[in-house]
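Colleague: Quick one: sequence plus predicted model below, questions after.
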Amino acid sequence: MTFPIRFRLSLMMFMEFFIWGSWFVTMGTFLGSNLAASDGDVSLAFSTQSFGAIIAPFVVGLIADRYFQAQRILGIIHLIGSWLMYRLYQSGDFSEFFPLLLVYMILFMPTLALVNSISFNQMTNPAKQFSTVRVWGTIGWVTAGILISAFSWDSPEGLSAGLLKNTWLMTSIVSLAMGLYSMTLPDTPPKAKTDGSFSLSRMLGLDALALLKDRNYAIFFLSSILICIPLAFYYQNASPFLTEIGVKNSTGKMALGQVSEVLFMLALPIFFYRFGLKKTLIVAMLAWALRYTLFALGDADSGLWMLMGGILLHGVCYDFFFVSGQIYTDSHAGGEFKSSAQGLITLATYGLGMLVGFWAAGQISDYYLDAAGDHDWRSIWLVPAGISVLVLLFFISFFKGEKELSHQ
């Protein structure tokens, strides 16, 4: 992979995750402060991600693997997304906000598989090369969080003035730039064979489901669904949690989790090579359990170090599980269905797992809400900690090591 190609793919990843990080981290806080949304409304809003992820395999399987170049689809989606983000910026209540967000996420979630597919198509050794490109997505997410805190949109003064709505305008502008830039990316033509015969499974992009015939991959797929249940608690509750207990510059502090993600992304190929896939995934799931335990025990004063420790574990939690899983999926997919295979793992993680997780997080948050409007955060965070431990035990018991993958 030449330097110009690496640079172009890295910029693509930077913009893709800047767009997502510009609004996703603070959406729970925004909905509560700007639109007076309830915990149930917040849960419903975050669930739009899951609906989009469930549809994603069909979109990329039908379109990107069979009929159109992936970079063109990516560009068109982001151009439409720019307009939708501007409409969200203008929204005045949750009933107007929710359907726009739902349409946006149905369009956006397939782009996560598309940027992976475009990247893998240019790589000769994804296990070594992908993390050096994907790390720029994390830097993009970090940059978005730092800007939000630098502009004080998430400060008490900014929240009272309603400035957090500017995140949607910022996303709209960058989405427009991403849509135009995507049209210049390296060609990623469809690779699946189209012999003219009709097949429902082909039409819906379900060919990638053949991956589940492999017992090990099926165990990994199920573990991916289950571990995303506790992950949803972090995405949905972390920003409101830190804001409610009085942590200053919470969005900027949460961005430190992505700083750690940069470091662990760069360390991933070394860890992957030395210890193999199974141990890499075990470390990730153990980190999830530890993170939520630290959140349960920490506070904004003497226990701030625990909260920061939980945030800094994000690099291990995300990189060692999700990026490893994307590489693992690509290695099993074969040449024809790389896009739909990435869509399949998106369905498992951001779709099925988080759909259950966002619902559970909303129910648990409501259950531990007192009459004064304060949450029992210790009890809330112990729930995903326990789930993470159970998923870890399941994975250790049934997944067999695949050392050969770590040397590819």
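Modeller: Thanks, I have it. Numbering: from 1, shown residues only.

Colleague: From here on, just use CA atoms for contacts and neighbour counts.
Modeller: Fine.

Colleague: Who are the packing partners of the helix or strand harbouring residue 96?
Modeller: Element membership for residue 96 (DSSP states H and E) is helix 94-121. Judged by 3 or more C-alpha pairs under 8 Å, 6 or more residues apart in numbering; DSSP states H and E, helix 94-121 is in contact with helix 3-21, helix 39-59, helix 70-90, helix 126-150, helix 338-346.

Colleague: swap the cut-off to 6 Å and go again
Modeller: Contact here means 3 or more C-alpha pairs under 6 Å, 6 or more residues apart in numbering; DSSP states H and E; on that basis helix 94-121 packs against helix 39-59, helix 338-346.

Colleague: can you pull the buried residues of the longest one?
Modeller: Judged by neighbour count using 16 or more other C-alpha atoms under 10 Å, the buried positions of helix 39-59 are 39, 41-59.

Colleague: quick check: mean pLDDT across that helix?
Modeller: The pLDDT scores in helix 39-59 average 81.

Colleague: Same question for the shortest one.
Modeller: Per-residue pLDDT values over helix 338-346 give a mean of 69.

Colleague: right, and the helix or strand after it?
Modeller: Sequence-wise, the next helix or strand downstream of helix 338-346 (DSSP H and E) is helix 354-367.

Colleague: Restricting to C-alpha, output the helix or strand sitting right after that next one along the chain in PDB.
Modeller: The first helix or strand that comes after helix 354-367 along the chain, using DSSP H and E, is helix 377-398. Included here for helix 377-398 are C-alpha records, laid out as PDB according to Å, rounded to 0.1, in the frame of the first residue of the first chain:
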ATOM      1  CA  TRP A 377     -25.300   5.300  39.200                       C
ATOM      2  CA  ARG A 378     -23.400   2.700  41.300                       C
ATOM      3  CA  SER A 379     -26.300   0.200  40.800                       C
ATOM      4  CA  ILE A 380     -26.700   1.200  37.200                       C
ATOM      5  CA  TRP A 381     -23.000   0.500  36.300                       C
ATOM      6  CA  LEU A 382     -22.800  -2.800  38.200                       C
ATOM      7  CA  VAL A 383     -25.300  -4.200  35.700                       C
ATOM      8  CA  PRO A 384     -23.100  -4.000  32.600                       C
ATOM      9  CA  ALA A 385     -20.100  -5.000  34.600                       C
ATOM     10  CA  GLY A 386     -21.900  -8.300  35.500                       C
ATOM     11  CA  ILE A 387     -23.000  -8.900  31.900                       C
ATOM     12  CA  SER A 388     -19.400  -8.400  30.700                       C
ATOM     13  CA  VAL A 389     -18.200 -11.100  33.100                       C
ATOM     14  CA  LEU A 390     -20.800 -13.600  31.900                       C
ATOM     15  CA  VAL A 391     -20.000 -12.900  28.200                       C
ATOM     16  CA  LEU A 392     -16.300 -13.400  29.000                       C
ATOM     17  CA  LEU A 393     -16.900 -16.800  30.600                       C
ATOM     18  CA  PHE A 394     -19.000 -17.900  27.600                       C
ATOM     19  CA  PHE A 395     -16.300 -16.900  25.100                       C
ATOM     20  CA  ILE A 396     -13.500 -18.500  27.100                       C
ATOM     21  CA  SER A 397     -15.500 -21.800  27.300                       C
ATOM     22  CA  PHE A 398     -16.400 -22.200  23.600                       C
END
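
Colleague: for this protein, what are the low-confidence residue spans?
Modeller: When the per-residue scores of the chain are filtered using pLDDT under 70, the ranges that remain are 56-67, 190-208, 334-340, 342-343, 401-408.

Colleague: Dead centre of it: give me the residue that sits there.
Modeller: residue 350 (6.5 Å; C-alpha atoms, centre = their mean).

Colleague: was I right about that residue contacting residue 48?
Modeller: No. Taking contact to mean C-alpha atoms under 6 Å, the distance of 10.0 Å between residue 350 and residue 48 leaves them out of contact.

Colleague: Just the angle for the helix holding residue 96 relative to helix 126-150, thanks.
Modeller: 150 degrees (axes from the mean of the first three to the mean of the last three C-alpha atoms, to 10 degrees).

Colleague: May I see the buried residues of helix 94-121?
Modeller: Neighbour-count burial for helix 94-121, counted by 16+ other C-alpha under 10 Å, picks out 94, 97-98, 100-102, 104-121.

Colleague: Could you do stretch 79-90 as well?
Modeller: Of the residues in stretch 79-90, those scored as buried under the neighbour-count criterion (16+ other C-alpha under 10 Å) are 79, 80, 81, 82, 83, 84, 85, 86, 87, 88, 89.

Colleague: Other residues contacting it?
Modeller: 97, 168, 169, 172, 175, 176, 179 (C-alpha atoms under 6 Å, 6 or more residues apart in numbering).
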